[in-house]
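In: compute the structure for the input listed below.
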Amino acid sequence: MLIKVLGSAAGGGFPQWNCNGRNSADLRKGVAGLKARTQASVAVSANAEDFVLLNATPDLRQQINDTPELHPAPDGGPRNSPIKAVVLTNGDVDAVAGLLTLREGQAFAIYGSERVLQVLAANSIFQVLDPALVLRKPMTLGRSFAVEGLSGAVGIEVEPFPVPGKIALYLEDAHAGEGFGTQEGDTVGLKVTETATGHHFFYVPGCARLDEALRARLAGAPLVFFDATLYTNDEMIAQGLLNKTGERMGHMNMSGEGGTMAAFAPLDVKRKIFIHINNSNPVLREDSPQRASVQASGWEVAYDGMEVRV
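Out: Coordinates of the predicted model:
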């Protein structure tokens, strides 16, 4: 199974359009050890011909142009695409806005939790995706499904599962109390399996904490892509970028006793890749002590164009 990292950054990408923090400013200056990144998404294929996208970011047009595997086939007629489905992990702008790029009368399927599909249904702009061609298919948490529309004998199955997280910012209800109206299905993780071989991996680009259910699910996994929004819980406050902690935004921080690296240490995950990296995160700097700490703990840092096979 081929996995192509289309984008590795958190919302806004890197550099973010209005960010003058140290990382973004230095990237614009051409300082060594920093790479531009689009917003987090991966493309998966069992046959290197048909692809399933995990989330559709606002950068999707650029990501497709930068990924030859996602280009129309030269002998496939005037309109064609290897993109056969999009599986959504949440209703955030950086997960769904790219769906609008996929208009123009192309057939594919959108899979999402009932909660996320309700977000699309409530916004009429998504009607530019012709419902006669672009089917919206609800996912049942904890139940695997075969992705439809793939050619050949090798298929892909996806199992969505609930992940501790938070409702999208634009959907927050300040009067709903703790959690701002968050419900199960607002944030999900995905287990993606190549049916012919059983090879699989987990994709969890947003996560507020590692609860016991998630620990049990990920223990011993061959490969996990996991939320790397912030290195420390208060880094955006400390850098003067935003008056919110990672906890408030619904994301774990990577470091510290309660952080991702410590939480994963006893889980025996064979390969661990951080994705969804915020522009404030010091691990973006290849020569930083934080990057060295991440690598020493057995983690990799995703980058745009990264290719993984399982």
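
In: only C-alpha atoms from now on, for both contacts and neighbour counts.
Out: OK.

In: residues contacting L241?
Out: Residues in contact with L241 (C-alpha atoms under 8 Å, 6 or more residues apart in numbering) are C19, G21.

In: adjust the sequence numbering to begin at 452 for everything that follows.
Out: Okay, residue one is now 452; in that scheme the one you just asked about reads as L692.

In: for D526, see how far away it is.
Out: L692 is 48 Å from D526, where distance means C-alpha to C-alpha, to the nearest Å.

In: could you pull out the strands for the stretch 602-751 of the chain?
Out: 607-613, 639-645, 651-655, 675-679, 723-728, 750-752 (DSSP state E, counting those that start in this stretch).

In: which one of those strands lies nearest to P466?
Out: Each of the strands of the stretch 602-751 of the chain has some distance to P466 by C-alpha to C-alpha; the shortest is strand 723-728, at 11.2 Å.

In: who are the packing partners of the closest one?
Out: strand 675-679, strand 750-752 (3 or more C-alpha pairs under 8 Å, 6 or more residues apart in numbering; DSSP states H and E).

In: most tightly packed of those?
Out: strand 675-679 (a mean of 25; mean count of other C-alpha atoms under 10 Å).

In: report the angle between that strand and strand 651-655.
Out: 10 degrees (axes from the mean of the first three to the mean of the last three C-alpha atoms, to 10 degrees).

In: about what we covered before: could you dump the strands of the stretch 602-751 of the chain into a markdown table and include mean pLDDT?
Out: As requested, those are exported to a markdown table (pLDDT from 0 to 100):
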| stretch | mean pLDDT |
| --- | --- |
| strand 607-613 | 97 |
| strand 639-645 | 97 |
| strand 651-655 | 98 |
| strand 675-679 | 97 |
| strand 723-728 | 98 |
| strand 750-752 | 98 |
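
In: save those as JSON lines, and put in distance to S744 too.
Out: Below are those laid out as JSON lines (distance: least, C-alpha to C-alpha, whole Å):
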{"stretch": "strand 607-613", "distance to S744": "29"}
{"stretch": "strand 639-645", "distance to S744": "26"}
{"stretch": "strand 651-655", "distance to S744": "21"}
{"stretch": "strand 675-679", "distance to S744": "14"}
{"stretch": "strand 723-728", "distance to S744": "13"}
{"stretch": "strand 750-752", "distance to S744": "9"}
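
In: so which of these comes closest to R554?
Out: Closest to R554 of those is strand 607-613 (C-alpha to C-alpha; 23.8 Å).

In: so what's the gap between that closest one and the chain middle?
Out: 14 Å (C-alpha atoms, centre = their mean, to the nearest Å).

In: tell me which other helices or strands the helix or strand of the chain with the lowest mean pLDDT touches.
Out: Using mean pLDDT, DSSP states H and E, the weakest-scoring helix or strand in the chain turns out to be helix 697-700, at a mean of 73. In terms of contacts (3+ C-alpha pairs under 8 Å, 6+ apart), helix 697-700 is not packed against any helix or strand.

In: now the residue nearest to V609 when sequence neighbours are not counted: how far from E599?
Out: Distances taken as C-alpha to C-alpha, 6 or more residues apart in numbering place V643 nearest to V609, at 4.6 Å, with adjacent residues excluded. Using C-alpha to C-alpha, V643 is found at 14 Å from E599.

In: of those two, which one has the most company?
Out: V643 (23 against 14; other C-alpha atoms under 10 Å).
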